[in-house]
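J.: Okay, here's the prediction I keep looking at, along with the sequence it came from:
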Amino acid sequence: MQTIEWGFLIVNYLFLGGLSAGIYFVSALATYLQEDGQPAYPRIARYGAMIAPWPVALGSFLLIFDLGNWYRFYKLFIHFKWQSPMSIGSWLLLVFTGVSFLYFWAWLPEEARKALFAKVPKRLAFLNRFDVDLSGWRRFLGMLGFPFSIGVGIYTGVLLGAVQSRPFWNTNLVAQMFLFSALSTGTAALILALSVNRKELDFKQLRFLYTLDICFITIEFFIVLPYLIHGKLSVLAVQDALKLILGGPYTFVFWVVFMLLGLLLPLGIELWEMAPAFLQKSAVHHNKRLASGAALLVLMGGYVLRYVFVYAGQVSAFK
Amino acid sequence: MAEKTKKRYALVIDSRKCINCKACVVACKAENGVPVGKFRNWITEERRGTYPHLLATFDPEQCQHCQNPSCVRVCPTGASWQREDGIVLVKFDDCIGCRYCMIACPYNARYFREDEGVVDKCTFCVQRVDKGKIPACVETCPSKVRLFGDLDDPDGALAQMLMTRRYLTKKSETGNGPQLYYLL
Amino acid sequence: MASNRMDRRTFLQVTAAGAAATAVVTQTGCLKYFEKGDGSAPPPLEVATACELCPNKCSVLAVVEGGVIRKLNPNPENPKSRGMLCARGNAAVKQVYDPDRLKQPLIRAGERGEGKWRAVSWDEAFDYAAKKLSEIKQKYGPEGTLWSSTEGFQEIFFKNLGSAFGSPNIVRHPTLCLASVNLAYSATFGTVPSFDLLNAEYVIMSGANRFEAIITPDTMDLIGSAMQRKAKLIYLDPRFTVTAAKADQWFPIRPGTDMAFILAMLNVIVGEGRYDKEFVATYTTGFDKLAEHVAQYTPDWAEKETGIPARDIVHIAREFADAAPRAVYYAGRRSSWYRNDFQMRRAQAILNAVVGNWDREGGMVPNAKIAMGEYLFLPWDDPKAGRVDELDKNFPLAAKGDGVYLKLRENVLAGKPYPVKGWMVYKQDPVNAMPDQAATLRMLKGMDFVGVIDIAMSDTAWFADVVFPESTYLERTDPIEAMPGIWPAVVFRQQVVKPIHDTKPNLEIVQGLAKRLELSDYFDYTMDQWVEAQAKDLPVKEPFEYLKKHGVLGIAEPKYGGTLTPDHRFVTKSGKIELFSERLGESGYDPLPVYKPPTDPRPGEFRMVLGRKGTFTHANQTNNPWLHEFYPENSLWLNPKPAANMGIKTGDMLEVSSMAGSVKIKALVTEEIRPDCVFMLHGYGKLAKWQSLVYGVGASDAVILETAWDEVSGNAAFHETFVKVRKV
Ligand SMILES: Nc1nc2c(c(=O)[nH]1)N[C@H]1C(S)=C(S)[C@@H](COP(=O)(O)OP(=O)(O)OC[C@H]3O[C@@H](n4cnc5c(=O)[nH]c(N)nc54)[C@H](O)[C@@H]3O)O[C@H]1N2
Ligand SMILES: Nc1nc2c(c(=O)[nH]1)N[C@H]1C(S)=C(S)[C@@H](COP(=O)(O)OP(=O)(O)OC[C@H]3O[C@@H](n4cnc5c(=O)[nH]c(N)nc54)[C@H](O)[C@@H]3O)O[C@H]1N2
Ligand code: SF4
Ligand code: SF4
Ligand code: SF4
Ligand code: SF4
Ligand code: SF4
Ligand SMILES: [Mo]
């Protein structure tokens, strides 16, 4: 009996996992790139570090919540099944979440940390032992986290792609599609963070984010395209599966909401923002609304992409 | 015990004899306590033609106890597992209810049990088979559409049948290695 | 098959039978088995019994665990049920644990049919019913009561109570079912034979939908022979049934014209001298008259009547004759079709006779029967009054014991020849089983007293004054039943679990009433005494013990040809097989089947036809959750052509009306029915709220069926109703 077993909780989970991965990746990159001993893009790095752990933590919580027996989730971690994307993924998530919290700690401003521990009541004095300064480890932690962030980004795609019974998913492009969508949503989140921030925009850092996002979106676009082309040229089952977004129930969401509004439009906006920087070596247009608008669209697009794949994929099947 | 001596259980199905009476479906419900609205086995109907030139066929379907069961592969906890005799089962105690196996099954042969928060499926009636009986759906059928037995027994009824009759298997392109053989 | 999250009701149903628990055991249990060997639970015990959910009485091995019925398995020892249990047989477990079932005696508290009930003790129920019955006896005499029932192992006690009470009005289901076919074959052969479908090589079935209307062993034998290419199957039916789907050839015959098809076959077979000359000469009478009679019924003529091409008729006739004696024109079971049904079945019988398939392997075989003892109870004197259906006057040839249901209803409603004011019902649901539900309800409401013995709240029980809950078959022991046939058997239905509610087996209900009606002397025996008396002559050692252990005693080796000795006397007037029947002539009927063309529905009207589904018995079991889920609601089959003209799509709500009444029901537009016919499944649109799954769901065909009967047997003619269909 064909049933939709994975619903919005899973969509959210895939989205949030990817989001954290993206944010972490960009932030770690920003930490890694240095100018005379200092992170080249400190604010990106800090914001990223501050935000990164939370979406994935929430996502994992949602996943567990979706289980038929949530209290058995620990069983994920007493077995390791190397053939099961979900098993690998769970471990990845675990490590990644851990690292990203350390990284968060490392970036947590001195005073914030102190303020935090000031609140610790006498009885729990021992907690103060955790009042350690990891700021020296930022770069190391950032680099340590790279592979895991990418891993998590890919995993969200592999989880679906590795299911040979669902032709809509079972192509070697879904993993990459989800990875770059993740990176781009992460970048967008940071653009948002930077632009909603009260202080006037920091051109240098914004330009960096735009550049990254334009790359990510373009690559994502050039993954989605061959995904469609290959699909159309593939075996019947895959062609039928694609009908779901080529005339089928998910056509509008995919083409208008995702492709147009979630991918091409923000790309356009970001290019326009960057235009001056491309043409004459001057700053970007600095239009907060446009910036945050583009970012929101990217986030929305990333979410819709996962929605379409989770739902349409489950409906697709071999005849 | 059955699963020690090397066996490979499978079904040969002669759909032409199926009269869509649902006895096998209800027998399974009773034998295995399948909830109302959920099914371990079902009859796929195909109806074609325009009056008075008509066709109707009935295909009994259930878990294929695949050679390479994708449900087992994707299960993160090992709750889905396969016995040496090919029977694919779910250890309820280890099942976290993620339903990944349901999505990974090309035959949609699994169902979720809200009451237990676990995934359930055809067990080939191990509780009967291990006592030397045949599965409930096989036994109760008025026209004896299904033949249950050991593929690895060269002079068993199954092997014999498959040697001498033409048959097809469903969705073999998934590489799951289905073990329900439909006679032509 | 779309599956959805389980709603609360289904969840309750799962847990109801402890099913949820068992399932867990199934999966983890097998794991435990794998690791630690089998669990410590006491071994489940197996009780041999006999299914009761339809007339086939298949043998069952019931698995009981801790006092709960876990599973019903087929018992391969029964040569008739051939080691199968159908969907209904498997679902019988649910009948026991059904939350809707009758749990204690009930006395009506509100208006008839209002559904207000008072749960009472058995004593109160008995006293009340006995009081009412006695009052009626006082006022109108014993003939003022009516005792109606459908076959069942304990039916005899009920009928006996009616007779002992002094009522001539015992009426049974056959005149809603198979009276005409039985009468027709008896009139021809002096008995009603079985058909050896296991060995037949050529089978013609007209509207005997064997692959949905399950009859053992015919269903299994036919699917085997037909699909293994042993037998050729020709099927005639206005609907494309499962049997049609499996047949080598299906002809959507024009309804009511089967006789034309048969007569034309005879025309060919006789005309071309393809009949079995020796057999005809030795065993039959009236062949010359027959030959003369069928000469007029040419295939070309039949083509115009039936819509079946003449060349096909000729071809089939020749193949049929050539395949004889391994060729049968199957009699059919539910012959409650048309006003001329008896004569149509006569034509079948004659056709079978002339090709000489009588008492031959693969042919038509007189039933063998295993001899059995019987309990000798005190006899009562015959009723003084005549039957209210005036059988002797209206249907001189009809089976006396069974009565004629529809004529009876007509007379009771008209209060002639005398008033009938009490109605006792056993194991029957006339509100749905009879055509013109409104008339049946009028009859119920006209009664001073109605008592119903049932296991569930049938629509008839819903209109009763007292409802006596019988224990379900798995909770009681029944008499032994002899099952005649080519593979005769006796089956024994023994108690599997104790009654889980305050219910009684019918014998105790009858005895409870008898005591208060001062008729106890006629019922002073126990079930065990009765069964032992029956068992004692059986051809096995310790027969009672044997049956307790095996549940069935069958003869697997058929005997053919017992009657094929020239001096054999058939139980007919002439002692021979009567192709031409003087007896019919004397009673004022056609001695040879004379064809009368049916009227066609007027434009905009459709002929309503009936039929079975494998998952339900009659109007019964649609409320069983394990069966209901396959067909949650019934709908009106309508061919796409007329549907298009009326702009009707599947799912549209329709009003279907006839002279009898009208119902609202959803449309099912399907190619699988003739453009001039409609069909709906029986057993929906229930009036009783305690049929919770089908109460008010879909529609009851009984509402729109008009009253008509076969003139000879009085058998109901269910396919004589024309309906108007309107989109609403
Ligand atoms: N419209 C229409 N009418 C028909 C038919 C049709 O196909 N369509 N078919 C006709 C034919 S062939 C027949 S045989 C008749 C059958 O007519 P019925 O005999 O009325 O058939 P059922 O609908 O099965 O009703 C049987 C009743 O017995 C009850 N019952 C079941 N088991 C037991 C038991 O163990 N003890 C007791 N006390 N009660 C029990 C059931 O709950 C049900 O109420 O209907 C005839 N009428
Ligand atoms: N599953 C199941 N099995 C049963 C029963 C049950 O209720 N359920 N009931 C049992 C009983 S009591 C009986 S009597 C038998 C009944 O078994 P059957 O005798 O097979 O009776 P129906 O199933 O009513 O099938 C009657 C068929 O005749 C077709 N028909 C209608 N008009 C004509 C016509 O003019 N010509 C021809 N050639 N066909 C026509 C109808 O479309 C329908 O398909 O089944 C028995 N077995
Ligand atoms: S029991 Fe046999 S005939 Fe009936 S539906 Fe199942 S497979 Fe088909
Ligand atoms: S059919 Fe589905 S559930 Fe059964 S073994 Fe194959 S993959 Fe697993
Ligand atoms: S639902 Fe249970 S059996 Fe299926 S994959 Fe998840 S843990 Fe394994
Ligand atoms: S083998 Fe057993 S579990 Fe599987 S479908 Fe048949 S009855 Fe159900
Ligand atoms: S045919 Fe089905 S319902 Fe009828 S007796 Fe046999 S098992 Fe029971
Ligand atoms: Mo019947």
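T.: Looks like it arrived, so ask away. Ligands and ions are numbered 1, 2, ... in the order given.

J.: for ligand 2, what are the nearby residues on the stretch 101-250 of chain C?
T.: Residues of the stretch 101-250 of chain C lying close to ligand 2 by C-beta under 6 Å from any ligand atom are C:177-178, C:206-209, C:213-215, C:236-239, C:241. In this view, the C-beta of every residue, glycine as well, is placed from N, C-alpha and C.

J.: Would you mind checking which helix or strand in the chain has the lowest mean pLDDT?
T.: Unless you meant another one, I'm taking chain A. In chain A, no helix or strand scores lower on mean pLDDT, DSSP states H and E than strand A:38-39, which sits at a mean of 86.

J.: please go with chain C instead
T.: Result, chain C / mean pLDDT, DSSP H and E: helix C:8-16, a mean of 37.

J.: so where do the strands sit in chain A?
T.: Counting by DSSP state E, one finds strands in chain A at the ranges A:34-35, A:38-39.

J.: circling back to that earlier point, so how far is the least confident helix or strand of chain A off the chain centroid?
T.: Mean-position distance between strand A:38-39 and its chain equals 24 Å (C-alpha atoms, centre = their mean, to the nearest Å).

J.: And for that strand, what's in contact with it?
T.: With contact meaning C-beta atoms under 8 Å, 6 or more residues apart in numbering or on different chains, strand A:38-39 is reached by A:30-31, A:33, A:45, A:138-139.

J.: Equivalent analysis for stretch C:148-157, please.
T.: With C-beta under 8 Å, 6+ apart as the test, stretch C:148-157 has contacts from C:50, C:52, C:55, C:158-159, C:170-173, C:405, C:423-428, C:430, C:433, C:470, C:476, C:478-481, C:493, C:505-507, C:510, C:523.

J.: Stretch A:84-101 too?
T.: So stretch A:84-101 is contacted by A:17, A:20-21, A:24, A:49, A:52-53, A:56-57, A:60, A:76-77, A:79-82, A:141, A:144-145, A:148-149, A:151-152, A:155-156, A:158-159, A:162, B:73-77, B:98, B:100 (C-beta under 8 Å, 6+ apart).

J.: what kind of secondary structure is residue C:71 in?
T.: Look at residue C:71: counting by DSSP: H, G, I helix; E, B strand; the rest coil, its state is strand.

J.: so it makes contact with residue C:47?
T.: No: using C-beta atoms under 8 Å, residue C:71 makes no contact with residue C:47, being 11.6 Å away.

J.: higher neighbour count, these two?
T.: For residue C:71 versus residue C:47, the count of surrounding residues by other C-beta atoms under 10 Å in any protein chain shown is larger for residue C:71: 24 against 19.

J.: Roughly how far does that one sit from ligand 8?
T.: Applying C-beta to the ion, to the nearest Å, the value for residue C:71 to ligand 8 is 28 Å.

J.: Can you tell me the closest non-neighbouring residue to that residue?
T.: residue C:63 (4.5 Å; C-beta to C-beta, 6 or more residues apart in numbering or on different chains).

J.: what kind of secondary structure is the one you found in?
T.: Per three-state DSSP, the local secondary structure of residue C:63 is strand.

J.: what about it, neighbour count?
T.: Using other C-beta under 10 Å, the number of residues around residue C:63 comes to 19.

J.: helix or strand for residue C:133, which one?
T.: Secondary structure assignment for residue C:133, by DSSP states H and E: helix C:122-140.

J.: Now the residue in chain C that ligand 2 sits nearest to: closest residue in space that isn't a chain neighbour?
T.: Taking C-beta to the nearest ligand atom, ligand 2 has its nearest neighbour within chain C at residue C:207, 2.4 Å off. Excluding the flanking residues, the one nearest residue C:207 by C-beta to C-beta, 6+ apart is residue C:237, at 5.0 Å.

J.: does the one you found really touch residue C:246, like I thought?
T.: No: shown here, residue C:237 and residue C:246 do not form a contact pair, counting by C-beta under 8 Å, at 12.0 Å.

J.: Residues touching stretch C:361-368, excluding its own?
T.: With contact meaning C-beta under 8 Å, 6+ apart, stretch C:361-368 is reached by C:189, C:191-196, C:199-201, C:324-328, C:352, C:357-359, C:484-486, C:488, C:555, C:558-560, C:562-563.

J.: Now go through those and say which are in helices.
T.: Judged by DSSP state H, the contacts of stretch C:361-368 include C:189, C:352 as members of helices.

J.: Please list only the buried members of the contacts of stretch C:361-368.
T.: Buried members of these, scored by 16 or more other C-beta atoms under 10 Å in any protein chain shown, are C:189, C:192-196, C:199-201, C:324-328, C:352, C:357-359, C:484-486, C:488, C:555, C:558, C:560, C:563.

J.: now residue A:189: how far from ligand 7?
T.: Relative to ligand 7, residue A:189 is positioned 64 Å away (C-beta to the nearest ligand atom, to the nearest Å).

J.: Can you tell me which residues in chain B are near ligand 5?
T.: So chain B meets ligand 5 at B:75, B:77, B:79-80, B:90, B:95-101, B:119 (C-beta under 6 Å from any ligand atom).

J.: Flag the shaky bits of chain B, pLDDT-wise.
T.: Applying pLDDT under 70 to chain B picks out residues B:1-5.

J.: for it, longest helix please?
T.: Chain B, longest helix under DSSP H: helix B:23-32.

J.: Now do that one: distance to the chain's middle.
T.: The chain centroid and the centroid of helix B:23-32 are separated by 13 Å under C-alpha atoms, centre = their mean.

J.: Is any residue of it near ligand 7?
T.: No: Helix B:23-32 stays clear of ligand 7 (C-beta under 6 Å from any ligand atom), getting no nearer than 7.8 Å.

J.: Output the contacting helices and strands for that helix.
T.: strand B:41-50, helix B:136-140, helix C:19-36, strand C:68-74, helix C:87-96, helix C:625-628 (3 or more C-beta pairs under 8 Å, 6 or more residues apart in numbering or on different chains; DSSP states H and E).

J.: Lowest average confidence across these, which one?
T.: The stretch with the lowest mean pLDDT among those is helix C:19-36, at a mean of 41.

J.: rewinding a little: closest to residue C:597 out of the contacts of strand A:38-39?
T.: Closest approach to residue C:597 among these (C-beta to C-beta): residue A:30, at 93.8 Å.

J.: wait, isn't residue B:107 in contact with residue B:172?
T.: No: the pair residue B:107 / residue B:172 is not scored as a contact, 11.4 Å apart, by C-beta under 8 Å.

J.: and for these two, which residues touch both?
T.: residue B:178.

J.: which of those two has more neighbours?
T.: residue B:107 (23 against 15).

J.: give the contact list for that one.
T.: Residue B:107 makes contacts with B:61, B:63-64, B:170-171, B:178, as judged by C-beta under 8 Å, 6+ apart.

J.: now that we have these, which one has the most neighbours?
T.: Within the contacts of residue B:107, residue B:64 tops the neighbour count with 27 neighbours, counted by other C-beta under 10 Å.

J.: Which residue is the nearest non-sequential neighbour of that one?
T.: Going by C-beta to C-beta, 6+ apart, residue B:64 has residue B:178 as its nearest residue, at 3.8 Å.

J.: ditto for residue A:174
T.: residue A:161 (3.8 Å).

J.: for residue B:152, same thing?
T.: Nearest non-adjacent residue to residue B:152, counting by C-beta to C-beta, 6+ apart: residue B:8, 4.4 Å away.

J.: same thing with residue C:55?
T.: residue C:151 (6.0 Å).

J.: Please identify which helix or strand holds that neighbour.
T.: For residue C:151, there is no enclosing helix or strand under DSSP H and E.

J.: where does the stretch 151-300 of chain A have low pLDDT?
T.: Using pLDDT under 70, the stretch 151-300 of chain A drops low at A:198-201, A:281-284.

J.: The residue in it that ligand 3 sits nearest to: how many residues sit nearby?
T.: Nearest residue of the stretch 151-300 of chain A to ligand 3 (C-beta to the nearest ligand atom) works out as residue A:165 at 24.4 Å. Neighbour count of residue A:165, defined by other C-beta under 10 Å: 24.

J.: Enumerate every residue touching the closest residue to it other than its chain neighbours.
T.: Nearest non-adjacent residue to residue A:165, counting by C-beta to C-beta, 6+ apart: residue B:106, 3.6 Å away. Residue B:106 makes contacts with A:164-165, A:317-318, B:70, B:171, B:174, B:176, as judged by C-beta under 8 Å, 6+ apart.
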